[in-house]
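**Student:** whatever this is, show me its structure:
(one chain, ligands or ions: 2)
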Amino acid sequence: CSSKYVLSALHPMWQGPLVAPGGNRQSPIDIRVRKSVFDPHLKPLTPDYDPRTCSQIWNNGYSFLVEYDDTTDKSTLKGGPLEDNFRLCQFHFHWGESNAWGSEHTVDRRLFPAELHMVHWNSDKYSRFEEAVMEENGLAVIGVFLKIGKRHEGLQKLVDVLPAVRHKDSVVEFTRFDPACLLPTNIDDYWTYAGSLTTPPLTEAVTWIIMKQHIEVSHDQLAVFRSLLFTSAEEEVQKSMVNNFRVQQSLQGRTVRSSFT
Ligand SMILES: NS(=O)(=O)c1ccc(CCNC(=O)Nc2ccc(Cl)cc2)cc1
Ligand SMILES: [Zn+2]
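**Tutor:** Ligands and ions are numbered 1, 2, ... in the order given. I've put the predicted structure just below:
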């Protein structure tokens, strides 16, 4: 997807605004399980992804983005809290330098070593990502927590190509990857709330859908994430790409709904 245009509008991430000016629905947040409200009207989520729309992997200097061709309605997300049809445009991760932290969202203050974000935009209402990113019902992001455990076979194809995008601004062709393999077996149990992008431009455009069930990846697989660099090949001082998560934001009266009791 053409998220690179949005990135070009980004301040250098870590000097960027830590709180969006006037923001009252910022992300990430701590999900207080006992304070979430069961909503029986929430429908099952129906992702329908076509692996043939997978196009490339790009190190944007903050994370690595696996980008999908979002010029047609081939990889879509419907249902759950969503009223409209959303198109997958990319997925990426956030992780720590140690397995003790790395996720952006937390569950009753519990941190996970990493978090997957699958980014979709509302193709019923908007014609491209950069337009949707400015609108309050513009984006839907599925968040999945990662835990250290057994090796994730589906992830390995991605891990094997990461050394090719070690440096900032490197890009490599990456095709026929089915992002559904990264979803947990149970996608009916999730929390959902109205939030924002967790990186600049921090726009309050996101319907967040956070999976209750985590996925497992091996220690070695996550170590390859940490072998990526924030810095480009030309820079003399190389900096490991770790701790690329935002600090938690206040709920400010928002309700987190759950699809399960
Ligand atoms: N973290 S999110 O799902 O709210 C999010 C989704 C989409 C965007 C716009 C495209 N840009 C992008 O994805 N940039 C990015 C990704 C990871 C890191 Cl660590 C830093 C920057 C920004 C944030
Ligand atoms: Zn993210």
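**Student:** closest residue of the stretch 51-200 of the chain to ligand 1?
**Tutor:** residue 62 (3.2 Å; Cβ to the nearest ligand atom). C-beta: built from backbone N, CA, C; applies to glycine.
**Student:** burial count for that residue?
**Tutor:** Residue 62 has 19 neighbouring residues, counting by other Cβ atoms under 10 Å.
**Student:** where's residue 84 relative to residue 56, distance?
**Tutor:** For residue 84, the distance to residue 56 (Cβ to Cβ, to the nearest Å) stands at 27 Å.
**Student:** now do residue 150
**Tutor:** 28 Å.
**Student:** again, but for residue 42
**Tutor:** Taking Cβ to Cβ, one finds residue 42 at 34 Å from residue 56.
**Student:** quick one: which of the two has more around it?
**Tutor:** Per other Cβ under 10 Å, whichever of residue 42 and residue 56 has more neighbours is residue 42, with 19 against 16.
**Student:** touching, the more buried one and residue 81? I think so.
**Tutor:** Yes: with contact defined as Cβ atoms under 8 Å, residue 42 reaches residue 81; the gap is 5.9 Å.
**Student:** overlap of the contact sets of the two?
**Tutor:** Each of 192, 257 lies in contact with both residue 42 and residue 81 under the rule Cβ atoms under 8 Å, 6 or more residues apart in numbering.
**Student:** where does the stretch 1-150 of the chain dip in pLDDT?
**Tutor:** The model of the stretch 1-150 of the chain has pLDDT under 70 over residues 1-21.
**Student:** for residue 81, what are its contacts?
**Tutor:** 42, 192, 207, 209, 257.
**Student:** for the first one, which non-adjacent residue is spatially closest?
**Tutor:** Closest residue to residue 42 in three dimensions, ignoring its sequence neighbours and counting by Cβ to Cβ, 6 or more residues apart in numbering: residue 259, at 4.3 Å.
**Student:** wasn't residue 162 part of a strand?
**Tutor:** No: according to DSSP: H, G, I helix; E, B strand; the rest coil, residue 162 belongs to no strand; its state is helix.
**Student:** so which of the contacts of residue 81 are also by ligand 1?
**Tutor:** For ligand 1, no contacts are drawn from the contacts of residue 81 by Cβ under 6 Å from any ligand atom.
**Student:** quick one: which two of those are the most distant?
**Tutor:** 42 and 207 (11.6 Å; Cβ to Cβ).
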